[in-house]
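[1] Sharing a sequence plus its predicted fold:
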Amino acid sequence: SYVLITFKMSKNTLSSAFRKTNVDQYDEDNYEDDETQQVDTSSGDVKARETECKKLLAAGNKEEALKVALTSPPQISKDKALKDLNARTVMSVLTSFKVDDVPKAVANLDQTQLDVLMKYVYRGMSEVPPPSAPEDAREEFAKLCSSLLVFHSAVTNTSGGLGCIMRVLTERKTV
């Protein structure tokens with residue numbers, strides 16, 4: 001004598017609702033940058049920003065010069081000279097600050113400006129002069145690094161925090 005056992009399938013297994021999620025959008029090979037949404041900075045904009053920062057620094061308005069210097073950097077551009085010009089502008093603004101003025105200036109920046117500032121801090125520290133460089137170039141680099149470390153500390157101690165460091169290190173667009 002045989003016992004007949006029948007199994008009935010669940011109604012949910014016949015559903016194809018799980019197929020509505022596009023899993024290919026999460027594949028790293030299909031990553032697309034948001035370059036179409038951002039308009040990059042032209043050389044005229046960078047030169048105008050440099051002139052405006054010099055005027056603001058001459059007038060003693062360092063905080064406003066910092067905000068202007070960090071506005072719309074050329075991140076998408078592949079023109080190294082353009083990026084270098086903008087970096088020099090930002091570095092000149094950063095070195096104009098006294099140590100006691102840095103926390104107040106950083107506290108007045110929004111999150112995007114803090115991220116851009118941190119990008120320039122890391123860029124400035126990465127441009128080490130070669131050992132064969134003259135002594136004054138190495139001393140100037142040491143002075144720049146001390147200013148950059150003060151800004152780094154101020155950003156991480158304010159609302160930028162460690163998240164700012166992570167965003168900068170994982171960002172694909174460089175300054």
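    Done, it's in.
[2] for the protein, longest helix please?
    Longest helix in the chain, counting residues (DSSP state H): helix 135-157.
[3] so after it, what's the next helix or strand?
    helix 161-170 (DSSP states H and E).
[4] what's that next one in contact with?
    111, 114-115, 118-119, 122, 155-156 (CB atoms under 8 Å, 6 or more residues apart in numbering). From N, CA and C alone the C-beta is placed, and that goes for glycine too.
[5] now that helix and helix 135-157, what's the angle there?
    130 degrees (axes from the mean of the first three to the mean of the last three CA atoms, to 10 degrees).
[6] Go through helix 161-170 and flag the buried ones.
    Judged by neighbour count using 16 or more other CB atoms under 10 Å, the buried positions of helix 161-170 are 164-165, 168.
[7] Equivalent analysis for stretch 114-130, please.
    114-121, 123-124.
[8] Quick one: those residues as TSV, columns for distance to residue 107 too.
    TSV is the format used below for those (distance: CB to CB, whole Å):
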residue	distance to residue 107
114	10
115	15
116	16
117	12
118	15
119	19
120	18
121	16
123	22
124	21
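[9] Closest one of the contacts of helix 161-170 to residue 78?
    Nearest to residue 78, judged by CB to CB, of those is residue 119 at 16.5 Å.
[10] The closest one contacts residue 160, doesn't it?
    No: the pair residue 119 and residue 160 fails to qualify as a contact (CB atoms under 8 Å) at a distance of 11.7 Å.
[11] Would you mind listing the buried residues in stretch 76-83?
    Judged by neighbour count (16+ other CB under 10 Å), stretch 76-83 contains these buried residues: 77, 82-83.
[12] So which residues of the chain form helices?
    Under DSSP H, the chain gives helices at 43-58, 62-69, 80-95, 102-107, 111-126, 135-157, 161-170.
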